[in-house]
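S.K.: sequence unavailable; structure follows:
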């Protein structure tokens, strides 16, 4: 009788990473993961006590693969620029090889319990430091905060390929990502103030429309806690409705989620339409989209989080429709980038990298909605939209 494969546990974790990345933690069953590996559910439980244990192992695997790649590639005796190129090249190679698994941590980490999240966050801090340390040597004029921001931007650019399926030949993708990493690592950020201004209030006045009140409550609840962690009854209560009356306006929680997606899609389309109407060149239009998209994300971070994190939880008919809308918005923006000098497929990758920067660096600065922070992210977006595509 054949023995159990020595790497069975690793096979399970990789299968879980792919499934969680594609459809989210809650939507995936343990039996599905077991079936992909070719074992039974009870056999999987010999390796992991429960689904949450598998979630933790997947989070650890995702970051440790990157940390290991960075450490193996680094040689402290080499010049700082060579160290940075070696580290980013290794991270790019690892991410391309695990592209279907890489989207997991950006969104599903919210389901980790605080001690696990803190421990795994420390590993990501170590990964950031692996880039920041040689960057500080190469660019001693940077503050510690700016060094950390640029290192995080490089990681965001590399990880951006896990959020879309645009295909480039592996060699071309490596060259593009390497160039984009170097563009953000060498970007000149606008000066930082000693102290940020207070965040703009988002309270405003309530709508008399009960449907709008439901949507207004659902967006932050979905954005902060996740679709599966919120009930439509909770949303109704927060909107001032009683009992099951929320169902008069939305037949299901999924319908409410779809409405949030349509709201986000409409706002992005308006940004693009206005930028096109007000611009006299493709570059100007592309940069106006970047500026306004950043403003939208910082004014309504929960809406943007939903737009990227909860797609798998839509009903299939809504996914088909909204995926096409998302593709059209990205392609419209990419077409402008293409006219400035990139091939269309490369331009799509650049746009996705710019979108990732808004989310990842936005989180880094806690979506500090000031002109200063938005300007800094806009600078990074410009560097990936129009910066060097090859090292």
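M.R.: Yep, that arrived. Because the structure is a prediction, the values reported are computed rather than measured.

S.K.: looking at the chain, which helix or strand is least sure?
M.R.: Ranked by mean pLDDT, DSSP states H and E, the weakest helix or strand in the chain is helix 104-108, scoring a mean of 73.

S.K.: the closest residue to residue 84 other than its chain neighbours: neighbouring residues, count only.
M.R.: Nearest residue to residue 84, sequence neighbours excluded (CB to CB, 6 or more residues apart in numbering): residue 134, at 5.1 Å. Bear in mind the C-beta positions are built from the backbone N, C-alpha and C, glycine included. Residues contacting residue 134 under the criterion other CB atoms under 10 Å number 24.

S.K.: residues contacting residue 134?
M.R.: 74, 80, 83-84, 87 (CB atoms under 8 Å, 6 or more residues apart in numbering).

S.K.: and residue 49, how many neighbours?
M.R.: Neighbours of residue 49 (other CB under 10 Å): 9.

S.K.: residue 254 now?
M.R.: Residue 254 has 15 nearby residues by other CB under 10 Å.

S.K.: picking that back up, buried residues in the helix or strand hosting the residue nearest to residue 84?
M.R.: Residue 134 is part of helix 114-138, with elements assigned from DSSP states H and E. Buried positions in helix 114-138, judged by neighbour count with 16 or more other CB atoms under 10 Å: 116, 120, 123-124, 127-136, 138.

S.K.: could you check how far residue 213 is from residue 240?
M.R.: Distance of residue 213 to residue 240, computed by CB to CB, to the nearest Å: 7 Å.

S.K.: neighbour count winner among the two?
M.R.: residue 213 (20 against 12).

S.K.: how about that one: what's its closest non-neighbour residue?
M.R.: residue 239 (4.2 Å).

S.K.: what sits against that neighbour?
M.R.: Residue 239 touches 210, 213-214, 216-217, 246, counting by CB under 8 Å, 6+ apart.

S.K.: of all those, which two lie farthest apart?
M.R.: Across the contacts of residue 239, the longest distance by CB to CB is 12.7 Å; it joins 216 and 246.

S.K.: settle it for me: which of those two has more neighbours?
M.R.: Between residue 216 and residue 246, counting by other CB under 10 Å, residue 246 is the more crowded of the two (27 against 17).

S.K.: test my guess that the more buried one contacts residue 235.
M.R.: Yes - with contact defined as CB atoms under 8 Å, residue 246 reaches residue 235; the gap is 6.4 Å.

S.K.: what do these two both touch?
M.R.: Joint contacts of residue 246 and residue 235 (CB under 8 Å, 6+ apart) are residue 214.

S.K.: quick one: low-confidence parts of the stretch 201-350 of the chain?
M.R.: Within the stretch 201-350 of the chain, the stretches with pLDDT under 70 are 201-205, 243.

S.K.: which residue ranges of it form helices?
M.R.: 210-225, 232-238, 253-278, 282-299, 301-309, 316-340, 344-364 (DSSP state H, counting those that start in this stretch).

S.K.: tell me which strands and helices the helix or strand where residue 16 lies is in contact with?
M.R.: Under the criterion of DSSP H and E, residue 16 resides in helix 8-23. Using 3 or more CB pairs under 8 Å, 6 or more residues apart in numbering; DSSP states H and E, the elements in contact with helix 8-23 are helix 30-37, helix 51-73, helix 104-108.

S.K.: does the shortest one pack against any helices or strands, and if so which?
M.R.: Helix 104-108 sits against helix 8-23, helix 51-73, helix 301-309, with contacts defined as 3+ CB pairs under 8 Å, 6+ apart.

S.K.: now those as a markdown table including mean neighbour count and distance to residue 226?
M.R.: As requested, these are exported to a markdown table (neighbours: other CB atoms under 10 Å; distance: least, CB to CB, whole Å):
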| stretch | mean neighbour count | distance to residue 226 |
| --- | --- | --- |
| helix 8-23 | 21 | 13 |
| helix 51-73 | 19 | 13 |
| helix 301-309 | 22 | 7 |
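
S.K.: kindly report which one of the ones you listed carries the lowest mean pLDDT.
M.R.: Comparing mean pLDDT across the helices and strands packed on helix 104-108, the weakest is helix 301-309, with a mean of 85.

S.K.: which strands or helices does that one pack on?
M.R.: Against helix 301-309 (3+ CB pairs under 8 Å, 6+ apart) you get helix 104-108, helix 210-225, helix 253-278, helix 282-299, helix 344-364.

S.K.: list the buried residues for the fourth one?
M.R.: Same thing as helix 282-299. Neighbour count says helix 282-299 has 282-283, 285-294, 296-298 buried, by 16+ other CB under 10 Å.

S.K.: of all the residues you listed, which two lie farthest apart?
M.R.: Most distant of those, by CB to CB, are 282 and 298, 24.9 Å apart.

S.K.: and the helices of the stretch 201-350 of the chain as JSON lines, adding distance to residue 38?
M.R.: Compiled in JSON lines, those are given as follows (distance: least, CB to CB, whole Å):
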{"stretch": "helix 210-225", "distance to residue 38": "35"}
{"stretch": "helix 232-238", "distance to residue 38": "38"}
{"stretch": "helix 253-278", "distance to residue 38": "32"}
{"stretch": "helix 282-299", "distance to residue 38": "42"}
{"stretch": "helix 301-309", "distance to residue 38": "30"}
{"stretch": "helix 316-340", "distance to residue 38": "27"}
{"stretch": "helix 344-364", "distance to residue 38": "33"}
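
S.K.: which residues sit in contact with residue 81?
M.R.: residue 138.

S.K.: give me the pLDDT for it.
M.R.: pLDDT, read off for residue 81, is 96.

S.K.: how far away is it from residue 178?
M.R.: Counting by CB to CB - residue 81 and residue 178 are separated by 13 Å.

S.K.: same check, this time on residue 373
M.R.: Taken as CB to CB, the span from residue 373 to residue 178 is 27 Å.

S.K.: which one's more surrounded, these two?
M.R.: residue 373 (24 against 20).

S.K.: do you know the pLDDT at that one?
M.R.: Taking residue 373 on its own, its pLDDT is 92.
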